[in-house]
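Chemist: fold the following for me, if possible:
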Amino acid sequence: MKITPIILAAGKGTRMNSSLPKVLHPIGGKPMLEHVIDCCRALDAERISIVYGHGAEVVQETISASDDLCWALQKEQLGTGHAVLQAKEFIDDDAIIVIAYGDVPLIKADTLRLLQQDITAGSDLSILTTKLADPIGYGRIIRDSQGQMTSIVEEKDATDEQRLINEGNTGFLAAKGKDLLRWLNLIKSDNAQGEYYLTDCIAFASNEGANVTTVLCEHELEVLGVNDRSQQSILEREYQRLQTDKLLQSGVSIIDPKRCDVRGVLTAGKDVVIDVNNVFIGNVVLGNNVVIEPNCIIQDCRIADNVTIKANSVLESATIGSHCHIGPFARVRPETVIKDHAKVGNFVEIKKTLIGEGSKVSHLSYIGDTTMGKSVNIGAGTITCNYDGANKFQTIIGDNVFVGSDTQLVAPVTLGDGANIGAGSTITRDAPAATLTLSRSKQINIKGWKRPVKSK
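Modeler: Numbers count the residues shown, from 1 in each chain. Next up is the predicted model:
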């Protein structure tokens, strides 16, 4: 029996106090709605319907277009029941419909699969509930004397006695399409909010004598929705805890899991050590025996075995070979490839450059748009002048080249194999292989010169 999730994502999120639609606010560096879409895809759904409304254009632009996504616009936000009805053209009679929420980013596919299994096993309607330490704001689960659920009462419509119930409705449910459509068409808006509540379907199902079952979610934070920045921060920390727990279980040493953020996918080999205050963004791969010292930001990088990234370094879209040392205070920019046993030292910036095996750029340098060979030594304060104000040019540095400190290499320029560049030079023409090249003005010493002094 095929499954068709419907994700409700039309809310404005007034309490977020933001111009960004609520479902696009990030958890772990990814919009909340994307987390829920990924969860639904894990159910092997052929089609996922998204009911969107507030900030409709921005929501569609942000979420990558895909053949398995269907969009249903809710022009007026008249409640959850009304929202689901906007997607009725995507509800097949015999499909299992699972209702999910775009602002509940930590929901797991395994949990939704339990709802699906209930329907497959003969339930007509399966409701996901949870026990709450503080149920304020949640609809309460009403059960009869035999413990069978009969209805859900929203808090604003609940009696004082009903408000004491700590089993809350998460909003997630599953039913066959034909049953869900029948119940949806019975919903009325005669309640305190004047809205069409999806939860009214439970009472309709009970009145019909339908088999209504519940699934208890044991982890409250998994089904917590985000309505304000405080709740967002709570789920961000929970998300990060889940990521670092996985890494710790795989053998990664994280000095303080509370000070490590994974905003994407981090894959790590054996005996990796991650010190405090590091942020991993996008797709990051760490080899074996990698050490990440404190305060680094690493985005979309592949880092091979036995590499040390020293403190306060920033790496983006780069590939680092084995046995390299990077930093401290290094910036490695996109399209950079650093080969094995190379070194990029303190206050060095590398951009769109190939650094050859065993080469060193140790101090206070900028190397951009460069192809560098093996065993090159770049002295402190060296820069490649690769931009003339309009166009970028290449610098080519051969193998075994030595560049003295405070040198400017004005591209386009080539330094042949084994070339030596004298300190303080400005190189504007190709430097021959195995040759000393320098450009300096003659040193002048002026006897009797006196340093100016301030006037009294």
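
Chemist: chain center to stretch 112-119, what's the gap?
Modeler: 28 Å (Cα atoms, centre = their mean, to the nearest Å).

Chemist: show me which residues of that stretch are buried.
Modeler: Across stretch 112-119, burial judged by 16 or more other Cβ atoms under 10 Å covers 112, 113, 114, 115, 116, 118, 119. To be clear about C-beta, it is placed using only N, CA and C from the backbone, and glycine gets the same treatment.

Chemist: who touches the residue lying closest to residue 112 once chain neighbours are set aside in this structure?
Modeler: Spatial nearest neighbour of residue 112, chain neighbours left out: residue 98 (5.6 Å); criterion: Cβ to Cβ, 6 or more residues apart in numbering. Neighbouring residues of residue 98 by Cβ atoms under 8 Å, 6 or more residues apart in numbering: 3, 4, 5, 6, 40, 43, 112, 115, 116, 172, 173, 174.

Chemist: does residue 98 lie in a helix or a strand, and which?
Modeler: strand 96-101 (DSSP states H and E).

Chemist: note down every partner strand of that strand and its orientation.
Modeler: With DSSP bridges as the test, strand 96-101 is paired with strand 3-9 (parallel), strand 167-176 (antiparallel).

Chemist: mean neighbour count and distance to residue 123 added to those strands, as CSV?
Modeler: As requested, these are exported to CSV (neighbours: other Cβ atoms under 10 Å; distance: least, Cβ to Cβ, whole Å):
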stretch, mean neighbour count, distance to residue 123
strand 3-9, 25, 14
strand 167-176, 24, 8
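
Chemist: which parts of the stretch 1-150 of the chain are helices?
Modeler: Counting by DSSP state H, counting those that start in this stretch, the stretch 1-150 of the chain has helices at residues 32-41, 56-62, 80-85, 109-120.

Chemist: what are the buried residues along stretch 156-164?
Modeler: Neighbour-count burial for stretch 156-164 [16+ other Cβ under 10 Å]: residue 158.

Chemist: how far is stretch 228-244 from where the chain is centred?
Modeler: Centre to centre, stretch against its chain (Cα atoms, centre = their mean), the figure for stretch 228-244 is 13 Å.

Chemist: could you do stretch 386-401 as well?
Modeler: With Cα atoms, centre = their mean, you get 34 Å for stretch 386-401.

Chemist: ok, residues contacting it?
Modeler: 356, 367-377, 384, 403, 409, 411-421, 433.

Chemist: any idea which helix or strand in this structure has the lowest mean pLDDT?
Modeler: Every helix and strand in the chain was compared by mean pLDDT, DSSP states H and E; the lowest is strand 149-153, with a mean of 86.

Chemist: which elements pack onto it?
Modeler: Under the contact criterion of 3 or more Cβ pairs under 8 Å, 6 or more residues apart in numbering; DSSP states H and E, strand 149-153 touches strand 140-143, helix 200-207, strand 212-217.

Chemist: so which of these is nearest residue 303?
Modeler: Residue 303 lies closest to strand 212-217 among the helices and strands packed on strand 149-153, at 37.5 Å (Cβ to Cβ).

Chemist: the closest one pairs with which strands?
Modeler: With DSSP bridges as the test, strand 212-217 is paired with strand 125-131 (parallel).

Chemist: how about residues contacting the partner strand?
Modeler: Strand 125-131 has contacts (Cβ under 8 Å, 6+ apart) with 111-112, 114-115, 118-119, 141, 149, 152, 166-175, 179, 201-202, 205, 210-220, 222-223.

Chemist: buried set for that strand?
Modeler: The neighbour-count check on strand 125-131 (16+ other Cβ under 10 Å) flags 125, 126, 127, 128, 129, 130 as buried.

Chemist: what sits against residue 113?
Modeler: residue 43.

Chemist: returning to what we had before: now the helices and strands packed on strand 149-153 in a markdown table, with mean pLDDT?
Modeler: Shown next, in a markdown table, are those (pLDDT from 0 to 100):
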| stretch | mean pLDDT |
| --- | --- |
| strand 140-143 | 91 |
| helix 200-207 | 90 |
| strand 212-217 | 95 |
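
Chemist: and the ones you listed: which comes nearest residue 437?
Modeler: Smallest distance to residue 437 across those (Cβ to Cβ): 70.9 Å, for strand 212-217.

Chemist: where does pLDDT dip in this structure?
Modeler: Counting by pLDDT under 70, the chain contains no low-confidence segment.

Chemist: how is it divided into domains?
Modeler: As given by automatic domain parsing, the domain ranges for the chain are 3-223, 229-437.

Chemist: end-to-end on the last one?
Modeler: Between the opening and closing residues of domain 229-437 we find a distance of 61 Å, counting by Cα to Cα, to the nearest Å.

Chemist: same thing with stretch 33-50?
Modeler: End-to-end distance for stretch 33-50, by Cα to Cα: 9 Å.

Chemist: now do stretch 353-366
Modeler: End-to-end distance of stretch 353-366: 11 Å, with Cα to Cα as the criterion.

Chemist: equivalent analysis for stretch 10-25, please.
Modeler: The first and final residues of stretch 10-25 sit 13 Å from each other (Cα to Cα).
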